[in-house]
Each structure stands twice: as C-alpha cells, then as structure tokens.
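1. sequence and predicted model, in that order:
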Amino acid sequence: MSDEVILRGYGSGDFDWLVDLHGRHYAEAEGFDATFAPLVASILRDFEAQHDPAYERGWVAERNGARLGSIFCVKLDHRTAKLRLFILAPEARGIGLGKRMLETCTGFARACRYDSMQLWTHESHKAACALYRANGWHCTSSKPVHSFGVDLVEQAWEVTL
C-alpha cells in the first residue's frame, strides 16, 4: 500500500462522512452546537443537486482508503468562485496537505477563468487564516456574531486569481 495522499473528486458516498467530520470537529474544537452539521448537509445537498461540473468541483483527500479532508470550489457568479467546506482531519494537519488542497482548488478556479475567489471563516481558525494569508488571500471584513451556539468573529476573505 502507498502512503501517498491522493485528491479525488467528491462523490455522494462521502456525504455522511463529511457532515460527521465537520460536526464532530467543530463541536470538539470550538464548542459549536448541533445546528452546524445540518448546515454542512444542506450545502452538500445543494452541491449534489445543482453543481455545474465545468465550473464547480469538490475534492476529498485520501490516503490508503482513509479520507483526510475536503475542499470545494463553487460558483458565486460568472466572475467569482467561492471556497467551501475546507477541512482536514486532525491526523492530516501539518504535512502540507492543506496548502496542496488550497492550490488545487484555486488552480481549478483560475482554469475556469474566474477573476477572484471568496470564502467565509472565523477568526479562531488561526492555521487556516495563516494559510490563506500566505497564499495571497486578504481579509475583507470581520464582525462579531453569535452562531452555532457560540460567540465568534466571522470573516470574509478574497483572493484575485
């Protein structure tokens, strides 16, 4: 067996795993309540039902059959893509996989001829925000919110492609 991490396309068989990973991770790491996992499920259902594979794609990182994370590129409008559902399982952090996934996703967006890409996150996601900043993304807004049962600082980020 190879220890190589592959990035493959998201498939409907990944749905339950991805909802569970998001729900468990954010409950443990940040105290999110049970409203977060249904949001992830809704995003995935919408993606499965109506994504345009020429301009939108999801990837799952996998090693030896074990899923390690995901990242998605979806269309906001003909000029702007949105990065969604970017997550790494704890065992996949610190090996450069996040950077590789981000580069794959933004490379796809460039190939689709989007002018820019946006994302929404929280200030508490320090490692992700550092990765975005190191790859040319800029925080465009920041505001305190109460979401998923906790007080957070919501951020919007953007990168020119």
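-> The structure has been received and is ready for your questions.
2. so what's the residue most central in space within the chain up against?
-> By CA atoms, centre = their mean, the chain has its centre lying nearest to residue 86, at 1.7 Å. With contact taken as CB atoms under 8 Å, 6 or more residues apart in numbering, residue 86 is in contact with 69, 70, 71, 72, 98, 101, 102, 105, 119, 128. Placement of C-beta: from N, CA and C, glycine included.
3. ok, 6 Å please
-> residue 71 (CB atoms under 6 Å, 6 or more residues apart in numbering).
4. and the host helix or strand of it, what's buried?
-> Using DSSP states H and E, residue 86 sits within strand 80-88. Neighbour counts using 16 or more other CB atoms under 10 Å place 81, 82, 83, 84, 85, 86, 87, 88 of strand 80-88 among the buried residues.
5. what's the farthest-apart pair in the residues you listed?
-> 81 and 88 (20.3 Å; CB to CB).
6. quick one: mean pLDDT for the stretch of helix or strand residue 67 belongs to?
-> According to DSSP H and E, residue 67 maps onto strand 66-77. On average, the pLDDT along strand 66-77 is 97.
7. contact partners of it?
-> Contacts of strand 66-77 (CB under 6 Å, 6+ apart): 17-18, 55-61, 81-82, 84-89, 92, 101, 105, 108-109.
8. what does stretch 8-25 give?
-> Contacts of stretch 8-25 (CB under 6 Å, 6+ apart): 37, 40, 41, 44, 48, 58, 60, 67, 70.
9. so which of those residues are in helices?
-> If you go by DSSP state H, those have 37, 40, 41, 44, 48 in helices.
10. measure the last one to residue 122 for me?
-> Right, residue 48. 25 Å (CB to CB, to the nearest Å).
11. same deal with residue 58?
-> The value you get for residue 58 to residue 122, if CB to CB is used, is 21 Å.
12. pick out whichever of the two has more residues nearby.
-> residue 58 (23 against 20; other CB atoms under 10 Å).
13. with that, I have no additional questions.
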